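S.K.: model this:
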Amino acid sequence: MLKADEPYPVWKLTTDSGTWVVKVDKPWGDYVHGLADQSGQLEAAAWRAGVSMAEPHLVDPDSDLVWRPIGDDLLARATRFVEGAHPALPADPSLARWAGGTIAALERLAIPADLKGDFDFTVHSMTDWDEWLDQGVDLGVIDGPAARTLKDCAERTYELLDAVIAAPPVKLTMHRDFSSDNIMVTAEGPVLLDFDSAGPQAPWWELVSVAFSLAGPALGVVPPERASVEACVEGYLAAGGRLGPTDESAFVGTLAGRLSSTAYELWRACGHRGGSAELQAQFGGLLRASIPALHHQLDATAEWASWLRGRPSGLPRRGPVPPQHHQLKRRDRQAGGQRDASLDHRPVPAVIGRISRRALGLDIEPHVFDCLRHRVGTLDALALQLHVLLGDRAVGAGELADQRAVLLAGVPGGGSERPDRALLQRAAAVHALGDQ
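M.R.: As a prediction, this is how the structure comes out:
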């Protein structure tokens, strides 16, 4: 059993025809069958076109059907098991370039989209938002400032969405869940997994979303790596992808999706969809992490849009130091070396030093800390991982202990002899689950 915490288990089966991953699901409405047919059409076409992906087990070789009924209103499907590891983030430029080229390959298939499964343009009235936010404050799920921030995010996102609704982009059937969780790096190269969420999407929106999600472990929390974003765009264009808008409207799909998921977290945290008190509390933590991340994404779109236009010819690429780091250094010099304390959330070296001294108080030896610092790709990732370790993020005691073990995995004297960067990346992801 690969996943026991899903509504239905996910299995790894070794058979006379090889090893397969088998999923079981129960549709929650008749329209789901149409979505399954649409995703199966893209998956089968991509496989036949030679896209680097996990092989689907088709109902018959000439069909596009990947799901089949197995009784009790259940559906099942199988995909060839792929041996490998998920990539660490930010993605290496070569991997980002492959991702861009793969999105262009899916776009070239030009499979029409069934817009019944298109939820990008769902707009809720501000009256509804006021009601939900008031309830969230009354229940103690969020405080007043967070509620005002989320309302502002909704208003700003809808302003961008209005112009797109007036002239919507052409949508095709695209993957819609292209992330590091659905990429497996194998000995033969990267492989794309899990087409089950495929449906209507503007290819350029998908490219922009993927480029930035692969450029950092927590978009809106950790600054993305520009080199990774540019490599993804370059790979897409080189493979025949069609360049879309390079202004803030390029992020409408990403922002609308993030706002929609944040609204869902608010509903669940307030008990609108039922669930235990523990589950509602978990959604409350997700919500409180999503609000500042969404706000930061909105603030950053103007700068990020400039990255989509590439660099002027002859301008050298910078190393992996985030541009915010240089901006803070300039501010320090202008202020005579006095830095605004409100900037302490930026993991510049002074903050790293302060965190490292606190880390020593948890019996983390200096050589262990140094190993961590060199093993993690950026100061940003290190800072948020250590914040988790030090308890600055609201996680349970058991999970905190687990993450301490994760952080020390692969460090000499830390509990494992074999380095595992993916385990360190998991620790970074916990930040997105905690309170801000």
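S.K.: remind me, longest helix of this structure?
M.R.: In terms of residue count, the longest helix belonging to the chain (DSSP state H) is helix 277-308.
S.K.: return the set of buried residues in it.
M.R.: 280, 282-295, 297-298, 300-301, 304-305, 307-308 (16 or more other Cβ atoms under 10 Å). For every residue, glycine as well, the C-beta is placed using N, CA and C.
S.K.: what is the mean pLDDT for that helix?
M.R.: Helix 277-308 carries an average pLDDT of 93.
S.K.: who are the neighbours in contact with residue 265?
M.R.: 283, 284, 286, 287, 290 (Cβ atoms under 8 Å, 6 or more residues apart in numbering).
S.K.: make that residue 308, sorry
M.R.: Contacts for residue 308 (Cβ under 8 Å, 6+ apart) come out as 208, 229, 233, 246, 250.
S.K.: next one: phi and psi at residue 14?
M.R.: The phi/psi pair for residue 14 (degrees, to the nearest 10) reads phi -100, psi 120.
S.K.: so what's the residue count around it?
M.R.: Neighbours of residue 14 under the rule other Cβ atoms under 10 Å: 9.
S.K.: and the gap between it and residue 184?
M.R.: 18 Å (Cβ to Cβ, to the nearest Å).
S.K.: ok, residue 77 next?
M.R.: Using Cβ to Cβ, residue 77 is found at 17 Å from residue 184.
S.K.: which non-adjacent residue is nearest residue 144?
M.R.: Nearest residue to residue 144 in three dimensions, chain neighbours excluded: residue 137, at 6.0 Å (Cβ to Cβ, 6 or more residues apart in numbering).
S.K.: and residue 139, by the same measure?
M.R.: residue 270 (5.8 Å).
S.K.: that neighbour against residue 140, yeah?
M.R.: No: if you go by Cβ atoms under 8 Å, residue 270 and residue 140 don't touch, sitting 10.3 Å apart.
S.K.: looking at those two, which one has more neighbours?
M.R.: More crowded of residue 270 and residue 140, by other Cβ under 10 Å: residue 270, with 20 against 9.
S.K.: tell me which residues touch the more buried one, please.
M.R.: Contact analysis of residue 270 by Cβ under 8 Å, 6+ apart lists 132, 135, 136, 139, 141, 280.
S.K.: what does stretch 141-159 rub up against?
M.R.: Looking at what lies outside stretch 141-159 - Cβ under 8 Å, 6+ apart - the contacts are 123-124, 126, 129-130, 133-134, 136-137, 252, 255-256, 259, 262, 266, 269-270, 284, 287-288, 291-292, 294-295, 298.
S.K.: count the residues that sit near the closest residue to residue 57 other than its chain neighbours.
M.R.: Distance criterion Cβ to Cβ, 6+ apart; nearest residue to residue 57, sequence neighbours excluded, is residue 78 at 3.9 Å. By other Cβ under 10 Å, 20 other residues sit near residue 78.
S.K.: in contact with residue 95, which residues?
M.R.: Residue 95 sits next to 87, 183, 185, 190, 214 when contact means Cβ under 8 Å, 6+ apart.
S.K.: which one of those has the most neighbours?
M.R.: residue 214 (28 neighbours).
S.K.: any idea how far that residue lies from residue 179?
M.R.: 8 Å.
S.K.: same question, residue 287
M.R.: Going from residue 287 to residue 179 by Cβ to Cβ gives 21 Å.
S.K.: one more: residue 163?
M.R.: 27 Å.
S.K.: over to residue 55?
M.R.: According to Cβ to Cβ, residue 55 and residue 179 sit 20 Å apart.
S.K.: same question, residue 158
M.R.: In terms of Cβ to Cβ, residue 158 sits 25 Å off from residue 179.
S.K.: please convert the contacts of residue 308 to TSV, extending it with neighbour count, pLDDT and secondary structure.
M.R.: Output for those, formatted as TSV (neighbours: other Cβ atoms under 10 Å; pLDDT from 0 to 100; DSSP: H, G, I helix; E, B strand; the rest coil):
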residue	neighbour count	pLDDT	secondary structure
208	28	97	helix
229	25	96	helix
233	23	97	helix
246	16	94	coil
250	23	94	helix
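S.K.: identify the residues contacting the one helix or strand residue 39 maps to?
M.R.: Using DSSP states H and E, the element containing residue 39 is helix 31-48. Contact with helix 31-48 is made by 27, 53, 55-56, 58, 63-67, 75, 105-106, 109, 111, 113-114, 116-117, 173-175, 195-199, as judged by Cβ under 8 Å, 6+ apart.
S.K.: ranges for the strands of the protein?
M.R.: With strands called from DSSP state E, the chain shows them at 10-15, 18-25, 68-71, 74-80, 172-174, 183-186, 189-192, 199-201.
S.K.: quick one: closest of the ones you listed to residue 274.
M.R.: Among those, the nearest to residue 274 by Cβ to Cβ is strand 18-25 (20.1 Å).
S.K.: for the closest one, list every residue counted as buried.
M.R.: 20, 21, 22, 23, 24, 25.
S.K.: and if you look at stretch 101-115?
M.R.: Buried residues in stretch 101-115 (16+ other Cβ under 10 Å): 101, 102, 103, 104, 105, 106, 107, 109, 111, 113, 114.
S.K.: residue 221: which of those is nearest?
M.R.: Using Cβ to Cβ, the buried residues of stretch 101-115 come closest to residue 221 at residue 103, 24.0 Å.
S.K.: isn't the closest one up against residue 209?
M.R.: No: applying Cβ under 8 Å as the test, residue 103 and residue 209 come out as separate, 9.7 Å apart.
S.K.: and the two most separated of the buried residues of stretch 101-115?
M.R.: Farthest-apart pair in the buried residues of stretch 101-115 is 101 and 114; separation 25.9 Å (Cβ to Cβ).
S.K.: rewinding a little: which positions within the helix holding residue 39 qualify as buried?
M.R.: Under the neighbour-count criterion of 16+ other Cβ under 10 Å, helix 31-48 has 35, 36, 38, 39, 40, 41, 42, 43, 44, 45, 46, 47 buried.
S.K.: nearest to residue 276, of the residues you listed?
M.R.: Using Cβ to Cβ, the buried residues of helix 31-48 come closest to residue 276 at residue 35, 28.7 Å.
S.K.: against residue 209, how distant is that closest one?
M.R.: From residue 35 over to residue 209 the distance is 19 Å, taken as Cβ to Cβ.
S.K.: ok, residue 13 next?
M.R.: In this view, residue 13 and residue 209 are 33 Å apart by Cβ to Cβ.
S.K.: between those two, which is the more surrounded one?
M.R.: A direct count of neighbours by other Cβ under 10 Å for residue 13 and residue 209 places residue 209 higher, at 23 against 12.
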